[in-house]
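Engineer: A predicted structure for the sequence below; I have some questions about it.
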Amino acid sequence: MQLSINKNKKELKMHGSEDFPILISREEIFDYEGCAFSWHWHPEIEITYIMEGNLNYQINNQRFRLQSGDVLFGNINTLHRGFHENGENCKYISITFLPTLLFGNAQNRLYENYIKPIIFNLQLPAIYFPVADKQNTLTSDIIMQIIRLHDAPTPFTDYDILIHLQQLWRFIAENYRIYECLTKSPLDYEKIRIILNYIEDSYSMPITLSDISRQVHLCESECCRMFKRYMNTTIFSFLQNYRIERSLEFLSDNACSIDTVAGLVGFQDSNYYSKTFKKLKGKSPREFRKATVLK
(Lines give C-alpha, C1' and ligand atoms only; values in the text may rest on other atoms or scores of the structure.)
Protein backbone atom coordinates (compact mmCIF):
# COMPACT_ATOMS: atom_id res chain seq x y z
CA MET A 1 0.00 0.00 0.00
CA GLN A 2 0.95 3.67 -0.14
CA LEU A 3 -0.33 6.84 1.47
CA SER A 4 -3.09 8.83 -0.17
CA ILE A 5 -1.76 12.37 -0.57
CA ASN A 6 -2.63 15.37 -2.74
CA LYS A 7 -0.29 17.35 -5.00
CA ASN A 8 0.84 19.42 -1.99
CA LYS A 9 1.76 16.20 -0.14
CA LYS A 10 -1.04 16.59 2.39
CA GLU A 11 -2.30 13.23 3.58
CA LEU A 12 -5.97 12.72 2.67
CA LYS A 13 -6.65 9.95 5.16
CA MET A 14 -9.06 10.85 7.96
CA HIS A 15 -7.52 10.35 11.40
CA GLY A 16 -10.32 9.24 13.65
CA SER A 17 -13.78 10.77 13.36
CA GLU A 18 -15.14 14.30 13.39
CA ASP A 19 -16.49 13.88 16.92
CA PHE A 20 -13.33 12.14 18.23
CA PRO A 21 -10.37 13.08 16.00
CA ILE A 22 -7.80 10.48 16.97
CA LEU A 23 -6.56 7.40 15.14
CA ILE A 24 -4.60 4.64 16.85
CA SER A 25 -3.24 2.14 14.35
CA ARG A 26 -0.77 -0.73 14.20
CA GLU A 27 1.61 -0.38 11.27
CA GLU A 28 4.37 -2.37 9.58
CA ILE A 29 6.86 -0.72 7.26
CA PHE A 30 6.77 -3.80 5.00
CA ASP A 31 3.10 -3.08 4.29
CA TYR A 32 4.14 -0.03 2.25
CA GLU A 33 5.36 -0.13 -1.32
CA GLY A 34 9.14 -0.14 -1.33
CA CYS A 35 9.07 -0.68 2.46
CA ALA A 36 8.71 3.08 2.94
CA PHE A 37 6.02 5.73 3.32
CA SER A 38 6.64 8.84 1.28
CA TRP A 39 6.89 12.50 2.27
CA HIS A 40 3.60 13.86 3.55
CA TRP A 41 2.12 16.19 6.16
CA HIS A 42 -1.16 16.66 8.02
CA PRO A 43 -2.60 19.11 10.57
CA GLU A 44 -2.62 16.45 13.28
CA ILE A 45 0.06 15.60 15.82
CA GLU A 46 1.53 12.14 15.29
CA ILE A 47 3.18 10.05 18.00
CA THR A 48 5.07 6.94 16.87
CA TYR A 49 5.94 4.10 19.24
CA ILE A 50 8.31 1.40 17.94
CA MET A 51 7.16 -2.08 18.93
CA GLU A 52 9.70 -4.19 17.06
CA GLY A 53 12.68 -3.57 14.78
CA ASN A 54 14.27 -0.32 13.60
CA LEU A 55 12.87 2.52 11.51
CA ASN A 56 14.57 5.42 9.73
CA TYR A 57 12.35 8.45 10.20
CA GLN A 58 12.74 12.00 8.96
CA ILE A 59 10.72 15.05 10.08
CA ASN A 60 11.55 18.20 8.12
CA ASN A 61 15.36 18.24 8.12
CA GLN A 62 15.79 16.06 11.22
CA ARG A 63 16.68 12.38 10.89
CA PHE A 64 16.06 9.71 13.52
CA ARG A 65 17.00 6.05 13.77
CA LEU A 66 14.21 4.60 15.89
CA GLN A 67 14.51 1.29 17.67
CA SER A 68 12.20 -0.86 19.77
CA GLY A 69 10.78 1.12 22.69
CA ASP A 70 11.55 4.56 21.22
CA VAL A 71 8.88 7.26 21.00
CA LEU A 72 8.81 10.10 18.46
CA PHE A 73 6.54 13.14 18.71
CA GLY A 74 5.83 14.83 15.36
CA ASN A 75 4.33 18.32 15.47
CA ILE A 76 1.49 19.60 13.28
CA ASN A 77 2.12 20.45 9.61
CA THR A 78 5.58 18.89 9.57
CA LEU A 79 6.76 17.06 6.47
CA HIS A 80 7.79 13.50 7.34
CA ARG A 81 8.67 10.12 5.87
CA GLY A 82 9.89 6.72 7.04
CA PHE A 83 11.76 3.77 5.53
CA HIS A 84 13.19 0.41 6.50
CA GLU A 85 16.71 -0.31 7.66
CA ASN A 86 18.80 -3.04 6.03
CA GLY A 87 15.76 -4.74 4.54
CA GLU A 88 14.26 -5.51 7.96
CA ASN A 89 10.64 -5.06 8.93
CA CYS A 90 9.53 -2.66 11.67
CA LYS A 91 6.28 -2.83 13.63
CA TYR A 92 5.03 0.32 15.29
CA ILE A 93 2.01 2.09 16.75
CA SER A 94 0.88 5.42 15.30
CA ILE A 95 -1.26 7.76 17.44
CA THR A 96 -2.50 10.66 15.31
CA PHE A 97 -4.82 13.33 16.68
CA LEU A 98 -5.92 16.92 16.27
CA PRO A 99 -4.71 19.25 19.06
CA THR A 100 -8.31 20.45 19.52
CA LEU A 101 -8.96 17.13 21.24
CA LEU A 102 -6.93 18.46 24.17
CA PHE A 103 -8.58 21.85 24.61
CA GLY A 104 -11.86 22.05 22.68
CA ASN A 105 -11.50 25.55 21.25
CA ALA A 106 -8.99 28.39 21.20
CA GLN A 107 -10.90 30.58 23.62
CA ASN A 108 -9.42 29.24 26.84
CA ARG A 109 -6.25 29.32 28.95
CA LEU A 110 -5.35 25.69 28.23
CA TYR A 111 -4.79 26.60 24.60
CA GLU A 112 -2.96 29.85 25.27
CA ASN A 113 -0.66 28.55 28.01
CA TYR A 114 0.01 24.91 27.15
CA ILE A 115 -0.99 24.09 23.55
CA LYS A 116 -0.25 27.11 21.34
CA PRO A 117 3.40 27.54 22.53
CA ILE A 118 4.12 24.00 21.32
CA ILE A 119 2.11 23.49 18.14
CA PHE A 120 3.18 26.87 16.72
CA ASN A 121 6.79 26.44 17.82
CA LEU A 122 8.65 26.15 14.53
CA GLN A 123 11.83 25.23 16.37
CA LEU A 124 10.08 22.10 17.60
CA PRO A 125 9.14 19.91 14.62
CA ALA A 126 9.84 16.75 16.63
CA ILE A 127 10.71 15.39 20.07
CA TYR A 128 12.65 12.13 20.35
CA PHE A 129 12.17 9.99 23.45
CA PRO A 130 14.80 7.20 23.26
CA VAL A 131 14.16 4.05 25.24
CA ALA A 132 17.69 4.26 26.65
CA ASP A 133 16.86 7.52 28.45
CA LYS A 134 15.23 6.42 31.71
CA GLN A 135 13.78 9.91 32.22
CA ASN A 136 11.52 9.27 29.25
CA THR A 137 9.93 6.07 30.55
CA LEU A 138 6.82 8.07 31.49
CA THR A 139 6.02 8.68 27.82
CA SER A 140 6.33 4.98 27.01
CA ASP A 141 4.17 4.00 29.99
CA ILE A 142 1.40 6.41 29.02
CA ILE A 143 1.45 5.30 25.38
CA MET A 144 1.27 1.63 26.38
CA GLN A 145 -1.79 2.44 28.51
CA ILE A 146 -3.42 4.14 25.51
CA ILE A 147 -2.67 1.09 23.35
CA ARG A 148 -4.16 -1.27 25.94
CA LEU A 149 -7.31 0.86 26.10
CA HIS A 150 -7.57 0.77 22.32
CA ASP A 151 -7.08 -3.00 22.15
CA ALA A 152 -9.59 -3.77 24.94
CA PRO A 153 -12.27 -1.05 24.78
CA THR A 154 -14.68 -0.35 27.62
CA PRO A 155 -17.64 2.07 27.88
CA PHE A 156 -15.13 4.70 29.09
CA THR A 157 -12.31 4.03 26.60
CA ASP A 158 -12.58 7.38 24.78
CA TYR A 159 -12.58 9.29 28.05
CA ASP A 160 -9.67 7.29 29.46
CA ILE A 161 -7.63 7.76 26.29
CA LEU A 162 -8.18 11.51 26.56
CA ILE A 163 -7.03 11.46 30.20
CA HIS A 164 -3.78 9.73 29.22
CA LEU A 165 -3.22 12.12 26.32
CA GLN A 166 -3.61 15.00 28.75
CA GLN A 167 -1.01 13.38 31.03
CA LEU A 168 1.39 13.03 28.11
CA TRP A 169 0.84 16.63 27.06
CA ARG A 170 1.40 17.76 30.66
CA PHE A 171 4.85 16.18 30.53
CA ILE A 172 5.64 17.69 27.12
CA ALA A 173 4.41 21.16 28.12
CA GLU A 174 6.61 21.14 31.21
CA ASN A 175 9.74 19.97 29.39
CA TYR A 176 9.44 20.95 25.73
CA ARG A 177 12.05 23.71 25.93
CA ILE A 178 14.64 21.05 26.71
CA TYR A 179 13.93 19.47 23.33
CA GLU A 180 13.92 22.60 21.17
CA CYS A 181 16.41 22.31 18.34
CA LEU A 182 18.67 25.18 17.35
CA THR A 183 17.65 26.87 14.14
CA LYS A 184 19.87 28.46 11.54
CA SER A 185 17.23 31.07 10.72
CA PRO A 186 15.78 32.43 13.99
CA LEU A 187 14.69 35.61 12.23
CA ASP A 188 12.66 33.63 9.68
CA TYR A 189 11.02 31.61 12.44
CA GLU A 190 10.10 34.80 14.23
CA LYS A 191 8.53 36.15 11.04
CA ILE A 192 6.50 32.95 10.66
CA ARG A 193 5.28 33.35 14.23
CA ILE A 194 4.22 36.91 13.47
CA ILE A 195 2.26 35.73 10.42
CA LEU A 196 0.55 32.94 12.36
CA ASN A 197 -0.38 35.30 15.18
CA TYR A 198 -1.71 37.85 12.69
CA ILE A 199 -3.89 35.22 11.00
CA GLU A 200 -5.16 33.98 14.35
CA ASP A 201 -6.06 37.52 15.44
CA SER A 202 -7.51 38.69 12.10
CA TYR A 203 -9.00 35.63 10.39
CA SER A 204 -12.55 36.95 10.81
CA MET A 205 -11.72 40.04 8.73
CA PRO A 206 -10.61 40.41 5.09
CA ILE A 207 -6.89 39.59 4.83
CA THR A 208 -4.74 40.25 1.78
CA LEU A 209 -1.22 39.11 0.99
CA SER A 210 -0.20 42.75 1.20
CA ASP A 211 -1.57 42.92 4.76
CA ILE A 212 0.46 39.87 5.78
CA SER A 213 3.69 40.90 4.09
CA ARG A 214 3.57 44.28 5.82
CA GLN A 215 3.51 42.52 9.19
CA VAL A 216 6.96 41.05 8.55
CA HIS A 217 8.38 43.86 6.37
CA LEU A 218 8.94 41.66 3.31
CA CYS A 219 7.83 41.95 -0.29
CA GLU A 220 4.88 39.70 -1.14
CA SER A 221 6.87 37.20 -3.20
CA GLU A 222 9.54 36.68 -0.51
CA CYS A 223 6.85 36.44 2.15
CA CYS A 224 5.18 33.64 0.18
CA ARG A 225 8.45 31.78 -0.41
CA MET A 226 9.45 31.95 3.25
CA PHE A 227 6.05 30.71 4.47
CA LYS A 228 5.99 27.81 1.99
CA ARG A 229 9.56 26.86 2.94
CA TYR A 230 8.76 26.48 6.64
CA MET A 231 5.08 25.53 6.67
CA ASN A 232 4.97 23.25 3.59
CA THR A 233 1.84 25.01 2.34
CA THR A 234 0.92 28.36 0.86
CA ILE A 235 -0.30 31.30 2.93
CA PHE A 236 -3.63 31.19 1.09
CA SER A 237 -4.13 27.46 1.75
CA PHE A 238 -3.19 27.85 5.41
CA LEU A 239 -5.63 30.75 5.83
CA GLN A 240 -8.43 28.80 4.17
CA ASN A 241 -7.80 25.75 6.35
CA TYR A 242 -7.61 27.88 9.48
CA ARG A 243 -10.90 29.65 8.72
CA ILE A 244 -12.67 26.37 8.02
CA GLU A 245 -11.37 24.82 11.25
CA ARG A 246 -12.52 27.85 13.26
CA SER A 247 -15.95 27.67 11.62
CA LEU A 248 -16.55 24.26 13.22
CA GLU A 249 -17.07 25.98 16.57
CA PHE A 250 -19.88 28.11 15.13
CA LEU A 251 -21.47 25.25 13.21
CA SER A 252 -22.07 23.50 16.51
CA ASP A 253 -24.65 26.21 17.27
CA ASN A 254 -27.68 25.18 15.22
CA ALA A 255 -29.19 28.65 15.65
CA CYS A 256 -26.31 30.19 13.69
CA SER A 257 -27.07 30.22 9.97
CA ILE A 258 -24.51 29.09 7.39
CA ASP A 259 -24.39 32.64 6.02
CA THR A 260 -23.60 33.94 9.51
CA VAL A 261 -20.94 31.30 10.11
CA ALA A 262 -19.25 32.20 6.82
CA GLY A 263 -19.09 35.87 7.80
CA LEU A 264 -17.79 35.11 11.28
CA VAL A 265 -14.71 33.37 9.87
CA GLY A 266 -13.88 35.86 7.15
CA PHE A 267 -15.73 34.52 4.08
CA GLN A 268 -17.61 37.33 2.37
CA ASP A 269 -19.44 34.86 0.10
CA SER A 270 -21.28 32.02 1.86
CA ASN A 271 -21.39 29.97 -1.36
CA TYR A 272 -17.61 30.15 -1.60
CA TYR A 273 -17.40 29.18 2.08
CA SER A 274 -19.58 26.13 1.44
CA LYS A 275 -17.55 25.16 -1.63
CA THR A 276 -14.26 25.49 0.29
CA PHE A 277 -15.67 23.59 3.27
CA LYS A 278 -16.75 20.66 1.10
CA LYS A 279 -13.38 20.60 -0.65
CA LEU A 280 -11.52 20.35 2.68
CA LYS A 281 -14.00 18.31 4.72
CA GLY A 282 -15.63 16.15 2.08
CA LYS A 283 -19.13 17.36 2.92
CA SER A 284 -21.06 20.61 2.98
CA PRO A 285 -21.42 22.70 6.17
CA ARG A 286 -25.07 21.61 6.40
CA GLU A 287 -24.13 17.94 6.01
CA PHE A 288 -21.41 18.37 8.63
CA ARG A 289 -23.86 20.03 11.02
CA LYS A 290 -26.44 17.32 10.48
CA ALA A 291 -23.87 14.58 11.13
CA THR A 292 -22.35 16.15 14.25
CA VAL A 293 -25.08 18.21 15.87
CA LEU A 294 -28.42 16.73 14.93
CA LYS A 295 -27.56 13.06 15.08
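Structural biologist: Arrived safely.
Engineer: touching stretch 147-158 from outside, list them.
Structural biologist: 20, 24, 49, 93, 160-161, 164 (Cβ atoms under 8 Å, 6 or more residues apart in numbering). From N, CA and C alone the C-beta is placed, and that goes for glycine too.
Engineer: what is the most widely separated pair among those?
Structural biologist: 20 and 49 (19.9 Å; Cβ to Cβ).
Engineer: if you count surrounding residues, which of those two has more?
Structural biologist: Set residue 20 next to residue 49 and count neighbours by other Cβ atoms under 10 Å: residue 49 wins out with 21 against 13.
Engineer: beta-bridge partners for that one, please?
Structural biologist: residue 71, residue 93 (DSSP bridges).
Engineer: how about the contacts made by the spatially most central residue of the chain?
Structural biologist: Most central in the chain under Cα atoms, centre = their mean is residue 44, positioned 2.3 Å from the mean C-alpha point. For residue 44, the contact set (Cβ under 8 Å, 6+ apart) comprises 15, 21, 76, 96-99.
Engineer: which SS class is residue 189?
Structural biologist: helix (DSSP: H, G, I helix; E, B strand; the rest coil).
Engineer: hmm, it is touching residue 120, no?
Structural biologist: No: with contact defined as Cβ atoms under 8 Å, residue 189 does not count as touching residue 120 (10.3 Å).
Engineer: re earlier: just the contacts of stretch 147-158: which are in helices?
Structural biologist: Within the contacts of stretch 147-158, residues falling in helices by DSSP state H are 160-161, 164.
Engineer: if you rank the residues you listed by neighbours, which is first?
Structural biologist: Compared across the ones in helices among the contacts of stretch 147-158, residue 161 has the highest neighbour count, 22 neighbours, by other Cβ under 10 Å.
Engineer: that residue against residue 22, yeah?
Structural biologist: Yes: contact criterion Cβ under 8 Å: residue 161 and residue 22 qualify, at 7.0 Å.
Engineer: closest one to residue 235 out of the contacts of residue 44, please.
Structural biologist: residue 76 (16.4 Å).
Engineer: the closest one: neighbour count?
Structural biologist: 17.
Engineer: ok but it is inside a strand, no?
Structural biologist: No: Residue 76: not assigned to a strand; according to three-state DSSP it is coil.
Engineer: how long is stretch 80-90 end to end?
Structural biologist: 17 Å (Cα to Cα, to the nearest Å).
Engineer: please read the previous query as pertaining to stretch 82-94.
Structural biologist: 12 Å.
Engineer: give the buried residues for that stretch.
Structural biologist: Using 16 or more other Cβ atoms under 10 Å as the test for burial, stretch 82-94 gives 82-85, 90-94.
Engineer: any chance of TSV for these, columns distance to residue 271 and pLDDT?
Structural biologist: Converted to TSV, the buried residues of stretch 82-94 look like this (distance: Cβ to Cβ, whole Å; pLDDT from 0 to 100):
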residue	distance to residue 271	pLDDT
82	41	93
83	44	90
84	48	89
85	51	82
90	47	96
91	47	96
92	44	96
93	43	95
94	37	96
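Engineer: make CSV out of those and add distance to residue 57.
Structural biologist: Shown next, in CSV, are the buried residues of stretch 82-94 (distance: Cβ to Cβ, whole Å):
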residue, distance to residue 57
82, 5
83, 8
84, 11
85, 10
90, 10
91, 14
92, 9
93, 14
94, 11
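Engineer: so how far is the helix or strand hosting residue 239 off the chain centroid?
Structural biologist: Residue 239 is located in helix 235-251, with elements delineated by DSSP states H and E. When distances are taken as Cα atoms, centre = their mean, to the nearest Å, helix 235-251 is centred 14 Å away from the chain's centroid.
Engineer: least confident secondary structure element in the protein?
Structural biologist: The helix or strand of the chain with the lowest confidence, counting by mean pLDDT, DSSP states H and E, is helix 186-202 at a mean of 82.
Engineer: packing partners of the next helix or strand after that helix?
Structural biologist: The first helix or strand that comes after helix 186-202 along the chain, using DSSP H and E, is helix 209-216. Helices and strands touching helix 209-216, as assessed by 3 or more Cβ pairs under 8 Å, 6 or more residues apart in numbering; DSSP states H and E, comprise helix 186-202, helix 220-231, helix 235-251.
Engineer: out of those helices, nearest to residue 258?
Structural biologist: Of the helices and strands packed on helix 209-216, nearest to residue 258 by Cβ to Cβ is helix 235-251, at 8.1 Å.
Engineer: buried set for the closest one?
Structural biologist: 235, 237-251.
Engineer: buried ones in the least confident helix or strand of the chain?
Structural biologist: Buried, per 16+ other Cβ under 10 Å, within helix 186-202: 188-189, 191-192, 195-196, 198-199.
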